[in-house]
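Participant: Structure for the following, please:
(one chain, ligands or ions: 1)
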Amino acid sequence: MSYDFNSKIGIVTGGGKGIGKGITSLLATLGAKVYVFGRSSLAEGTQFSDDEEINNRIIYINVDVSDFNEVQLAIDKIKSESGRIDFLVNNAGITKDNLLLRMSETDWDTVMNINLKGAFNTCKAASKVMMSQRSGRIINIGSIVGTTGNAGQSNYSASKAGMIGFTKSLAKELGSRNILVNLIAPGFIETDMTAKLSEEQLKSFVDNIPLKRSGLPVDIAKVVAFFISDDSNYVTGQVLHVDGGLAI
Ligand SMILES: NC(=O)c1ccc[n+]([C@@H]2O[C@H](COP(=O)([O-])OP(=O)(O)OC[C@H]3O[C@@H](n4cnc5c(N)ncnc54)[C@H](O)[C@@H]3O)[C@@H](O)[C@H]2O)c1
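Facilitator: Numbers count the residues shown, from 1 in each chain. Predicted coordinates:
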């Protein structure tokens, strides 16, 4: 990719592993300064790149996105340290799967608090900074199941469907301040989240993907880069499935 993000500063939540790590690595490689919001310190030995100059552009802040006060403190730190926020990627997310009758209230609430309220918290705090600078890009990471639904994932699917309505509403609210808000809906991407699946489940997933392969974090990261770049200057409020055709 040839985008030049040298002057850009932003946030990737849950950027320490999986899809978020792929996004963080690519954005820093393209020159951006990336603040990673994560719940626990990075796993020992986490390397974003072999190039130390690229690693030095990545700053980890311990933040639980479901806690508004923690998010606000982290945004204040970025504002005073770097002065601006050009992009926010809401990638942090969890699953607590079960059939409805076996799903605990706690598992419903935890998934909603991290996946959906977490995006509310970061958008509320970061959009204030973006509004004052009259520019910004917000990219929410949803899921195809936010559109299709999935048995055993009613909490997760509802949180991701909620993110679609949230994305479209913010696109309308913030458009006049030149803040663009879009959502990427990944399909089946190889990370710890999908490593929980059995061989059989994995095979049946891949059989149903028109491109006949699972995705990699970099497949999502490249689309995030597009939404941060000037190539998407006239695109807002959109849901883009990046899923090898799985949701067709
Ligand atoms: N892997 C897939 O196939 C797939 C498909 C569709 C959507 N997604 C979405 O993509 C995103 C990333 O998924 P992944 O597969 O990389 O998952 P992952 O489990 O590998 O990584 C999730 C990240 O979120 C962070 N996180 C969790 N709770 C947090 C909290 N309270 N505060 C801050 N950070 C927190 C974790 O520390 C981790 O870094 C999620 O939103 C997920 O729903 C993934």
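
Participant: what's next to the helix or strand where residue 131 lies, contact-wise?
Facilitator: Per DSSP states H and E, residue 131 falls inside helix 118-133. Residues outside helix 118-133 that contact it (CB atoms under 8 Å, 6 or more residues apart in numbering): 11, 13, 37, 65-68, 71-72, 75, 78-79, 84-85, 88, 90, 92-93, 136, 138, 140, 163, 166, 170, 174, 177, 179. (C-beta placed from N, C-alpha, C; glycine too.)

Participant: so of these, which ones are in strands?
Facilitator: The members of the contacts of helix 118-133 that map onto strands under DSSP state E are 11, 13, 37, 88, 90, 136, 138, 140, 179.

Participant: The last one and residue 88, how far apart?
Facilitator: Here residue 179 is placed at a distance of 10 Å from residue 88 (CB to CB, to the nearest Å).

Participant: and residue 171, how many neighbours does it have?
Facilitator: Residues lying near residue 171 (other CB atoms under 10 Å) number 19.

Participant: any idea what residue 24 is structurally, helix, strand or coil?
Facilitator: helix (DSSP: H, G, I helix; E, B strand; the rest coil).

Participant: That one reaches residue 32, doesn't it?
Facilitator: No - look at residue 24 against residue 32 with CB atoms under 8 Å: they stay out of range, at 9.1 Å.

Participant: Of these two, which one has the most company?
Facilitator: Higher neighbour count among residue 24 and residue 32: residue 24, with 32 against 24, using other CB under 10 Å.

Participant: For that one, give me the pLDDT.
Facilitator: pLDDT, residue 24: 98.

Participant: Leaving out the residues flanking it, which one is nearest to it?
Facilitator: residue 15 (4.0 Å; CB to CB, 6 or more residues apart in numbering).

Participant: Show me what residue 11 is bridged to.
Facilitator: residue 35, residue 88 (DSSP bridges).

Participant: Could you do residue 185 as well?
Facilitator: Partner residues in beta bridges with residue 185, using DSSP bridges, are residue 241.

Participant: list the contacts for residue 2?
Facilitator: So residue 2 contacts nothing (CB under 8 Å, 6+ apart).

Participant: I'd like the distance between it and residue 240.
Facilitator: Residue 2 is 21 Å from residue 240, by CB to CB.

Participant: what does the chain put close to the ligand?
Facilitator: Along the chain, the residues adjacent to the ligand under the rule CB under 6 Å from any ligand atom are 13-14, 16-20, 37-39, 63-66, 91-94, 114, 141, 143, 186, 188-189, 191-194.

Participant: Pull out the buried members of those residues.
Facilitator: Buried residues within those, counting neighbours by 16 or more other CB atoms under 10 Å: 13-14, 16-20, 37-39, 63-66, 91-94, 114, 141, 143, 186, 188-189, 191, 193-194.

Participant: So which other helices or strands are in contact with the top helix by length along the chain?
Facilitator: Scanning the chain for the helix with the most residues, using DSSP state H, yields helix 154-174. Applying 3 or more CB pairs under 8 Å, 6 or more residues apart in numbering; DSSP states H and E, one finds that helix 154-174 makes contact with helix 105-111, helix 118-133, strand 136-141, helix 145-148, strand 179-186.

Participant: and the angle for it with helix 118-133?
Facilitator: On the basis of axes from the mean of the first three to the mean of the last three CA atoms, to 10 degrees, helix 154-174 is oriented at 10 degrees to helix 118-133.
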